[in-house]
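Peer 1: Sequence and predicted structure below; questions after.
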Amino acid sequence: MKGIMTILMILSAGFKIYGQFNENMFSLNYSLNIPGKNTDAKDSDIDINFNIPVVINKVNMLNSLNFSQYQFSLPDNLSVTDNLEQLYTISYGASFNYSFPNGYSINSNTDVLIASNLTSNINSDDLLLIGGISLKKENKNTTFELGIGYYTYLGKPQILPRVKYSERITDTFEYTAGFPYSALRYKLSERSSLTAELDFNGNYINISSPVTINNGFSVNKVAFKTSTFGLLYNYKIGPDWSIIFKAGSYIYNDYKLYDQKNNIKQHVGLLKSPYISTGIQLNIKNKILKNEK
């Protein structure tokens, strides 16, 4: 298993992709921070995604499978940290898009996750259900989407908005403003582009076997949230395949410990060092559009 994970780290690394309809049929991503000279703390995450599209008349459906591993370096003063530093999510998601005349569409997504540190048998406490619905309006050069859902972008799941406004200014420049993702993209050539990204990501993980740390309370859940800013370089190695390289920094990187009653018992400020990543992805957007026609 360790050998497989090492190969994945070498091959890939990356960034979270948001949106009800992920443009990647397959992506393999790995992200690693760059600790300073006064610390050896290393935070990282691995993401493997498979997306299978189904098109029936005006309805697009996307079936998604995801595996993520999160590795944290917690402060030594927490005493017992082994079962709190390596966390996992395994999920299946179903997204639907129904198109109306004049560029309108309704989007919905539902994800069922196993979110756990996987130190004992999986049970109902490891399961998490998230999702939402949005309305989208597309014109020639602009897209506006407004929605609401039950998401973990800020750690513990809660009702949150989804907002996106995208505009193509020229053939080489476009931008997206919204939550949980904003970006400025400049097309360098037919094969390459450079994107400045601001994104929010988080999760809520069950601790299979509750851990008692040094202040005497039992940890049953972990919630973490990050906000990152980075520059991403995308290069197409074929009509549908791309490789990406990214470098950036954390705006915030927070980690909270909860007891059995979901009360916050400890807040940990994690390392906010720069990070680098690289990855590979298979784009399916053009394939879906061709099938729609």
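Peer 2: Okay, I see it.

Peer 1: Can I get the helix or strand containing G132 in PDB, CA atoms only?
Peer 2: Using DSSP states H and E, G132 maps to strand 127-138. The C-alpha coordinates for strand 127-138 follow below in PDB (Å, rounded to 0.1, in the frame of the first residue of the first chain):
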ATOM      1  CA  LEU A 127     -21.500   8.300   6.700                       C
ATOM      2  CA  LEU A 128     -22.100  11.900   5.600                       C
ATOM      3  CA  LEU A 129     -24.700  13.200   3.100                       C
ATOM      4  CA  ILE A 130     -24.200  16.500   1.400                       C
ATOM      5  CA  GLY A 131     -25.600  18.300  -1.700                       C
ATOM      6  CA  GLY A 132     -27.600  21.100  -3.100                       C
ATOM      7  CA  ILE A 133     -29.500  22.800  -6.000                       C
ATOM      8  CA  SER A 134     -28.800  25.800  -8.200                       C
ATOM      9  CA  LEU A 135     -30.200  27.800 -11.100                       C
ATOM     10  CA  LYS A 136     -27.800  28.700 -14.000                       C
ATOM     11  CA  LYS A 137     -28.200  31.200 -16.800                       C
ATOM     12  CA  GLU A 138     -25.700  31.100 -19.700                       C
END
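
Peer 1: And it, what's buried?
Peer 2: Neighbour counts over strand 127-138 (16 or more other Cβ atoms under 10 Å) mark L128, I130, G131, G132, S134, K136 as buried. All C-beta atoms are positioned from the backbone trio N, CA, C, and that covers glycine.

Peer 1: Find the pair from the residues you listed with maximum spatial separation.
Peer 2: Spatially, the most separated pair among the buried residues of strand 127-138 is L128 and K136, at 25.6 Å (Cβ to Cβ).

Peer 1: about what we covered before: rebuild the buried residues of strand 127-138 as JSON lines, extending it with distance to T195 and pLDDT.
Peer 2: JSON lines is the format used below for the buried residues of strand 127-138 (distance: Cβ to Cβ, whole Å; pLDDT from 0 to 100):
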{"residue": "L128", "distance to T195": "30", "pLDDT": "96"}
{"residue": "I130", "distance to T195": "26", "pLDDT": "97"}
{"residue": "G131", "distance to T195": "27", "pLDDT": "97"}
{"residue": "G132", "distance to T195": "25", "pLDDT": "97"}
{"residue": "S134", "distance to T195": "22", "pLDDT": "97"}
{"residue": "K136", "distance to T195": "21", "pLDDT": "96"}
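
Peer 1: Looking at those residues, which is nearest Y250?
Peer 2: Nearest to Y250 among the buried residues of strand 127-138 is I130, at 23.1 Å by Cβ to Cβ.

Peer 1: circling back to that earlier point, which element is encountered next along the chain beyond the strand holding G132?
Peer 2: For strand 127-138, the following helix or strand on the C-terminal side (DSSP H and E) is strand 142-151.

Peer 1: quick one: low-confidence ranges for the chain?
Peer 2: For the chain, applying pLDDT under 70 flags the ranges 1-23, 35-42, 76-81, 214-215, 271, 284-293.

Peer 1: longest strand of it?
Peer 2: strand 192-212 (DSSP state E).

Peer 1: downstream neighbour of that strand in the secondary structure list?
Peer 2: On the C-terminal side of strand 192-212, the closest following helix or strand by DSSP H and E is strand 218-236.
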